[in-house]
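Peer 1: Got a sequence here, can you build the structure:
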Amino acid sequence: MPEKNRVMRVLKKDDLGAVVAIDEIGAKRSRRDYYERKFETILNSAHNINSSIVCEIDGRIVGFVMGDVYFGEFGIPETSATIDTLGVHPEFQNHGIASEMLDQFMMNMKAAGVKKVYTLVNWDDFALEKFFSRQKFTPSKRVNLEYQLP
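Peer 2: Sure, this is the predicted structure:
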């Protein structure tokens with residue numbers, strides 16, 4: 001891919017429109033409300049580290065990874081992090097962008113003292129599971145439980 005300028009940087013407020021647009025392609029619907037709440041939490045919380053990354057190519061946002069850092073929550077004593085959202089514009093997929101963003105995210109997490117990074121993948125999302133497996137993610141020893149409200 002002959003891009004002139006690939007930059008990984010921390011997410012900022014002005015990135016909302018680009019993130020929503022990239023997500024809408026994959027989700028096939030707008031989740032703007034979700035991202036507005038997510039940005040508000042990431043960018044305005046005094047208790048949160050902005051760990052979310054975007055990738056720009058020639059000034060255009062083409063991918064993002066969003067996550068959170070936890071300092072002892074959920075009964076996990078060590079500092080940990082989660083990755084909850086990952087997206088790359090289809091024109092730029094399969095060019096190493098997601099891997100590069102994840103590498104930057106992990107480097108930032110290590111600097112923040114994080115020991116483990118968690119994510120959830122739907123059991124039938126084989127492509128995403130394969131991607132995370134290539135990134136050295138393994139099944140967790142924790143069990144994800146859910147309860148369906150009547």
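Peer 1: Show the subsequent helix or strand relative to the longest helix seen in the chain.
Peer 2: As assigned by DSSP state H, the longest helix anywhere in the chain is helix 97-111. Toward the C-terminal end, the helix or strand that comes next after helix 97-111 (DSSP states H and E) is strand 116-119.
Peer 1: Now the element after that following strand, going C-ward?
Peer 2: Trace forward from strand 116-119 with DSSP H and E and the next one is helix 126-134.
Peer 1: so how far is that next one from its chain's centroid?
Peer 2: 14 Å (C-alpha atoms, centre = their mean, to the nearest Å).
Peer 1: contacting residues around that helix?
Peer 2: 86, 98-99, 119, 121-122 (C-beta atoms under 8 Å, 6 or more residues apart in numbering). Backbone N, C-alpha and C define where each C-beta goes, glycine included.
Peer 1: For burial, what's the neighbour tally of the closest residue in space to residue 116 that isn't next to it in sequence?
Peer 2: In this structure, residue 116 finds its nearest non-sequential neighbour in residue 80, 4.8 Å apart by C-beta to C-beta, 6 or more residues apart in numbering. Neighbour count of residue 80, defined by other C-beta atoms under 10 Å: 20.
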